[in-house]
Each structure stands twice: as C-alpha cells, then as structure tokens.
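Asker: Provided below are the primary sequence and the corresponding predicted coordinates.
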Amino acid sequence: MSEPAIKRRRTQRSPSPPLYKLDDENDNVELYVPVAQRRQAKLAKLTSWGNSREQTARQKQQEQEEREDEEREEERRKEKARKERTLLMEAQEVHSKKAQEDAKKTEQEKAEEADAEILAAIASRRKLASDLELAKGVQYTESLKTSWRPPRFVAERSEEQHRRLREKYHIIVEGEDPPPPIENFTDMKVPEPLVKFLKSKRITKPTPIQLQGIPTAFAGRDMIGIAFTGSGKTLAFCLPLIMLALEEEAKLPYIRGEGPVGVVLCPSRELATQTYENVLTWTAALAKDGKYPQLNTLLCIGGISMGDQSHVLTKGLHIVVATPGRLIDMLEKRRFTFDNCKYLCMDEADRMIDLGFEEDVRNIMSFFKRQRQTLLFSATMPRKIQDFAQQSLVKPVLVNVGRAGAANLDVLQVVEYVKQEAKMVYLLECLQKTPPPVIIFSENKNEVDDIQEYLLLKGVEAVAIHGSKTQEERQYAIKSFKSGAKDVMVASGVASKGLDFNDIQHVIIFSMPKEIEDYVHQIGRTGRSGKTGIATTFVNMSTPEQTLLDLKYLLLEAGQKVPPFLQSIEDPRAAQGGSLKGCPVCGGLGHGISNCPKLEDAQRRQMASHRGADDKGGY
Ligand SMILES: Nc1ncnc2c1ncn2[C@@H]1O[C@H](COP(=O)(O)OP(=O)(O)OP(=O)(O)O)[C@@H](O)[C@H]1O
C-alpha cells in the first residue's frame, strides 16, 4: 500500500507561525521606563549594550540547548540499560529452557540450537517503523518511483553482463530486480559540474559500492550498503539525496518553512559534521556552475547553537545532516517538519539501530508523513542487524562488497604482544615506524589523557579526543589534526567510526577493543581511498581470549601474518567440527552468539547501571 503524497501548493499555504524562533524572541521582559529616559539610555548604551545583550541571549540559549542535550543523553542511557536487561533476560530464559533437553544432544547440536534460539529472541524486536504505521498496520509494498533511468546501452545489457560486472568488482547483490551496476559517473547521469568537481578531487571512477549503490539509490530503492572502511560510502548515499533535492527544487522551489527533502543520520557529532561539510562542498560545486540551484543544508547536532544556523531556516531547506537526539528535539519543536521528507539514510547504521539508538530511530520515523526511501550503510553489519533491517525496508537491495565486518585489505595489520607496563615506552618507538599523521586509540578516557600527556612531555605534538571533552575541545582536536598542525591524535572510539582524515600513515591501537567491529573501524582510519597504511595493535594477558581469537581469524581472512602467540590459541569450536560463520550479534569469527563479548558487555553495563555507576561515556 502506498500513502497519498502530501502535495506542496503555494496557494494553499495557511499563514503559520514561523517555524524557527529568532534569538530576540527569547529575551526577558523589562520593567517600564518612560520613553524619553529609554531613548537617552539607549543612545548611551547603543554601542556596547546591544552587543553584550545579544551575546548573553545567545549564550543562554546555548546553555539551555546543552542542558537539553544532556537530559536526552541521560534518557537514552536509561533506555539502553532497560533494553539490554530485557535482551539478556530473554537470552537467559532460552538457555534455561533448553538445559533439560540438551542432555541427549551432541555438543555441536547443542551449541547451534542455542545460538539459533538466542538469535530468534533478539529478532523478535519490533521492526523499524513509526508507531503510527505499526498501529495502523501500514505496509508499503512498492519502492518509491523516481524519474532516473539508466542509459539505454546499460538497460539493454543482459543479466549475465550485469553479473559479470559485479563479479569483476566483488559486489554481491541480493534482492528483487536490482538496478544495474554502472562504471562511470557520467553514465549514472551525475550532473557535469559535479563530475568535474569530483575529478578535481581525484575522484574519477566510482568505487565498487558507488558503482552499484548509486544506481540502486537513484532508482528509488531501499538499500543496505556494506563495504569496507574508506571505500567511499559517503558519496554513495549523499549523491542520490542531492539529486533528489535538485529534482524536487526544479519541480517547485522550496521556500521558508518547507523541507527537508531528505535526512542523513549519523551516530556521532563529529561524523555528522564531516558529512555536512562534504554535502556543502558538493552542493556548492553544483550551484557555482549557475545551471543548478543552491541547495540548503542544515547541520543538526548537539553541542552547537542552532541560533548560529538560523539563516538556513529562513529559506527552504533541502538536506539535514543530524545526530538523533538533536534531530528529535528540532522536530518536536517544529523548527522544521518531515511532511515532505522522502529520504532517510543512516550512516554507520549498525550502530544506529543497535542497542541504544533504536528507539530514537523509531521516534524519528514517526515524524514522516509518507513512505520514504530508507538506506542503511556501514562497514560492519552483523547478521542480526541485517535481518532486522531487511524486515523494515521495502523490497530492499543488499549491496555487499566483501564480507560485512571484514578488514580493509589495504591495511597492513601488525599485532604485538606488549606488557601493560611497557606500553608507553614502546609507543614512542612505534611512532618512529612512519611519518605523521598517526592516530592512537585507547578504549579508556583516562588512558587517552595519560597518553596525550606523556607524548606532550616527550615533545610530540599530540591532541586528544574523547566523550568527556567539551564540544569546543573536540572540534579543536579534529581541526588541528586534520589541518596537519598536530602530528598525533589520541582518541577513544569517538574518532573511529566514519571519520575521514587525510592520509593517516599509521594507526596504533594501544588497548585492543573487546569487540572486533570496533577494531575493524579503528584500523580503517588508515588505508583509505585506495592508499595503504599500517595498523599496530598492542595485546597482552589482559586481552580476552575470545577477542584474540576473533583477531586471529580476521588476520587469516585478510591474508595477514598471524604472530605465534595468536597461532597457539585454540578454537574450542574447531574440535566440534562446525563451520566458521561470523557471530550474528557482532560479526566476530572467533566465537558464537552464546559467548559473544558484545552480549557480555551488555550484562556488565547492566550491572554497572544497577550500581548507579556513571556509564556516561558512550564513546
Ligand atoms: N570514487 C572515488 N575514488 C577515489 N576516492 C574516493 C572515491 N569516493 C570517495 N573517495 C574518497 O575516499 C575517502 C573515504 O571515503 P568515505 O569517508 O566515504 O569512506 P567510507 O566508506 O564512508 O568509510 P568508513 O566506513 O570508514 O566511514 C574520502 O576521502 C573520499 O573523498
């Protein structure tokens, strides 16, 4: 079924209150003072007072927004803990029920059955749709129609030709009637000024995910795009939105209060900012030519004052790049609406719809008034998330380049055994391996600070970023590292997912993350866009055996050298003769769902939340 579209008609627009409240409207009421006195006082203060008053109002507004952000994050944490509790209880219940029957079965059968049942318990989550759609039982059955068609010579190719082309680029496609792969941007009908601009940035040929993903999205299809880190997913999901916005703008120009056409959701403020900056450069390149209209894009993230961007909302709005919390806030305050929003893309989608953000995503869905095109992208996408996402999309096309969760093959992975107390000193030695820029990852915020302090003492130009830093500190760290002013960035997970720094030579993982997905994202900050890079990872006695096993299999899969201490780790499942599939919860190759560190981590966090511990980090 498809819902009637909400038509935009100029003549029927009723005068509505301005969607965006200007700063002045927030000012406090003042006591009555006679006109003459007021005028005199005003003249005297005209120069200084006006400025400071405006600044105070803006500061107040910013403080208020920051407080609201904090509250939302607190709520999200509570919701996350609640969900994790439910999930674990379900998993434990399944385990205990099966315990009696299990006595008769072989070890292998037992393990497989337990895994399947835990997976089924997880998969019973409500699909991703708005509450209204779920309540009304609204089921869309057809993909959205767009005016885009592949060029005739492509459309006339046989299925066998498409298949060979996909095979050439290692693209696996699943889903009904997938659009054809196209080997260059011009044949995809990307506007000439943009093709020229991309060329000037040395983007001359689509990468495999772009080659299949862009035609799929241009054709209006819902999709799940999985491709290794640094393979150009951002362009693959932004370009279709830009084209859709151009098409909509050409039909009827957007005016104040209208839009956006589409939204890109990101799990962190830093990633949203980076994607926003990309969209700005691409839309500016189009507008510069004069043949295409200027598209307006809004960055909607916590920690920044929306007052600074109020000018964007005085015009029609085409694209929003957002983190979930601030987006919900803006939608609730009706600063803009999703009445005509047709495109929803989630970057690092596994993280977005994994525990924690799922309810936010469902909440965001409820602001849509019509069917939308939904796209999910990530380098890691465990089966659990893929299955769940598939149910929520309309005739989805799955575009997969390599195994979901596999490491980028352009990264040389070196794993070294380093005792805890020797790490700092060895780190200095490690920094000599390559010229800068270098990123050092640690899972622990205090350790991030300690490493930075140590490096500064040793004369290394280092900045640090983690979740407890203020927005300004985070922005400063990213800016100075990106510009080359600083050689080394020490980071917690916040900087791992999706951030695209120029030519990182070396990633050093000071403390190995428990979840192998995080490792894949972290080493993926180097070896981007076809270049090569090195990742050095420190492990020792404190690294859990399961994590080491995941790492061992990942190295084997990528054809990397496996050091002797990893080779000697036995896989208990190997004796059971089972085939090695990725864990459906985290994608790790070294364990099954019943001993997944991600689920164990959920349990740990649950206990921490019971104790009232501050699990604020997130990053
Ligand atoms: N077709 C292309 N040819 C060459 N370089 C490209 C191409 N497309 C994108 N790039 C560049 O590759 C780099 C990585 O792109 P992007 O950040 O989109 O990767 P990603 O797949 O989203 O990675 P991650 O999973 O880490 O988020 C960027 O600097 C981008 O400009």
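Answerer: Perfect, thanks for sending it.
Asker: now the helices for the stretch 501-619 of the chain?
Answerer: 516-523, 545-557, 564-567, 572-575, 597-610 (DSSP state H, counting those that start in this stretch).
Asker: can you check the stretch 251-400 of the chain too?
Answerer: Counting by DSSP H, counting those that start in this stretch, the helices of the stretch 251-400 of the chain are 269-288, 324-332, 349-353, 358-365, 383-392.
Asker: interface residues of the stretch 251-400 of the chain facing the ligand?
Answerer: Contact residues, the stretch 251-400 of the chain versus the ligand (CB under 6 Å from any ligand atom): residue 379. Every C-beta, even on glycine, is put in place using the N, C-alpha and C of the backbone.
Asker: that older thread, the helices of the stretch 501-619 of the chain: lowest mean pLDDT?
Answerer: Note on the helices of the stretch 501-619 of the chain: helix 597-610 shows the lowest mean pLDDT, a mean of 60.
Asker: which residues does the residue in the stretch 251-400 of the chain that the ligand sits nearest to contact?
Answerer: As assessed by CB to the nearest ligand atom, the ligand sits closest to residue 379 within the stretch 251-400 of the chain, at 4.0 Å. Residues near residue 379 by CB atoms under 8 Å, 6 or more residues apart in numbering: 226-229, 231, 233, 404-405, 408, 520-521, 524.
Asker: equivalent analysis for residue 439, please.
Answerer: 488-491, 495, 501, 504, 506-508, 525-526.
Asker: then the one helix or strand it maps to to PDB, C-alphas only?
Answerer: Residue 439 is part of strand 438-441 when elements are defined by DSSP states H and E. What follows is strand 438-441, C-alpha atoms only, in PDB (Å, rounded to 0.1, in the frame of the first residue of the first chain):
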ATOM      1  CA  VAL A 438      49.300   9.000  13.300                       C
ATOM      2  CA  ILE A 439      46.200   8.100  15.400                       C
ATOM      3  CA  ILE A 440      46.400   6.200  18.700                       C
ATOM      4  CA  PHE A 441      43.300   4.500  20.000                       C
END
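Asker: strand partners of it, parallel vs antiparallel please.
Answerer: strand 488-491 (parallel), strand 506-509 (parallel) (DSSP bridges).
Asker: and the ligand, which of the contacts of residue 379 reach it?
Answerer: 227, 229, 231, 233, 524.
Asker: quick one, grab the pLDDT at the residue of the stretch 501-619 of the chain at minimum distance from the ligand.
Answerer: At 3.2 Å from the ligand, residue 529 is the closest residue in the stretch 501-619 of the chain, using CB to the nearest ligand atom. Here the pLDDT value assigned to residue 529 is 89.
Asker: measure it to residue 590 for me?
Answerer: Remark: distance between residue 529 and residue 590 (CB to CB, to the nearest Å) = 29 Å.
Asker: please apply the same query to residue 564.
Answerer: In this view, residue 564 and residue 590 are 17 Å apart by CB to CB.
Asker: between the two, which has more neighbouring residues?
Answerer: Ranked by neighbour count (other CB atoms under 10 Å), residue 564 and residue 590 place residue 590 first, with 23 against 7.
Asker: could you measure that one against residue 486, distance?
Answerer: 36 Å.
Asker: go on, residue 286?
Answerer: 33 Å.
Asker: what of residue 312?
Answerer: Distance from residue 312 to residue 486, by CB to CB: 31 Å.
Asker: now do residue 170
Answerer: From residue 170 to residue 486 the distance is 37 Å (CB to CB).
Asker: show me which of these two is the more surrounded one.
Answerer: residue 486 (19 against 11).
Asker: residue contacts, that one?
Answerer: Contacts of residue 486 (CB under 8 Å, 6+ apart): 461-463, 477, 480.
Asker: residue contacts, residue 309?
Answerer: So residue 309 contacts 298-299 (CB under 8 Å, 6+ apart).
Asker: and if you look at residue 436?
Answerer: Contacts of residue 436 by CB under 8 Å, 6+ apart are 487-488, 505.
Asker: hmm, back to that, how about a markdown table for the helices of the stretch 251-400 of the chain, with mean pLDDT and mean neighbour count added?
Answerer: As requested, these are arranged in a markdown table below (pLDDT from 0 to 100; neighbours: other CB atoms under 10 Å):
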| stretch | mean pLDDT | mean neighbour count |
| --- | --- | --- |
| helix 269-288 | 95 | 19 |
| helix 324-332 | 94 | 20 |
| helix 349-353 | 82 | 25 |
| helix 358-365 | 86 | 19 |
| helix 383-392 | 78 | 19 |
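Asker: show me the ones next to the ligand among the contacts of residue 379 that map onto strands.
Answerer: residue 227 (DSSP state E).
Asker: so residue 530 sits against residue 410, correct?
Answerer: Yes - the criterion here is CB atoms under 8 Å, and residue 530 meets it with residue 410 at 6.9 Å.
Asker: the more surrounded of those two?
Answerer: Per other CB under 10 Å, whichever of residue 530 and residue 410 has more neighbours is residue 410, with 19 against 11.
Asker: could you measure from that one over to residue 231?
Answerer: 10 Å.
Asker: tell me where the model's unsure across the protein.
Answerer: For the chain, the stretches with pLDDT under 70 are 1-55, 58, 80-81, 83-137, 354-356, 494-496, 573-582, 584-585, 593-594, 598-619.
Asker: and the strands in it?
Answerer: 171-174, 223-227, 262-265, 297-300, 319-322, 343-346, 373-378, 397-401, 411-417, 438-441, 462-465, 488-491, 506-509, 533-539.
Asker: so which bits of the chain are right by the ligand?
Answerer: So the chain meets the ligand at 203, 205-207, 210, 227, 229-235, 379, 498, 500, 524, 528-529 (CB under 6 Å from any ligand atom).
Asker: filter those down to the ones in helices?
Answerer: Counted as lying in helices by DSSP state H, out of the residues of the chain next to the ligand, are 210, 233-235.
Asker: quick check: residue 408 touching residue 207?
Answerer: No - look at residue 408 against residue 207 with CB under 8 Å: they stay out of range, at 11.9 Å.
Asker: what is in contact with the two at once?
Answerer: residue 231.
Asker: look up phi and psi at residue 156.
Answerer: With angles defined as degrees, to the nearest 10, residue 156 sits at phi -80, psi 0.
Asker: ugh, wrong one, residue 158
Answerer: Here is the backbone geometry of residue 158 (degrees, to the nearest 10): phi -80, psi 160.
Asker: again, but for residue 141
Answerer: Per degrees, to the nearest 10, the backbone of residue 141 is at phi -110, psi -20.
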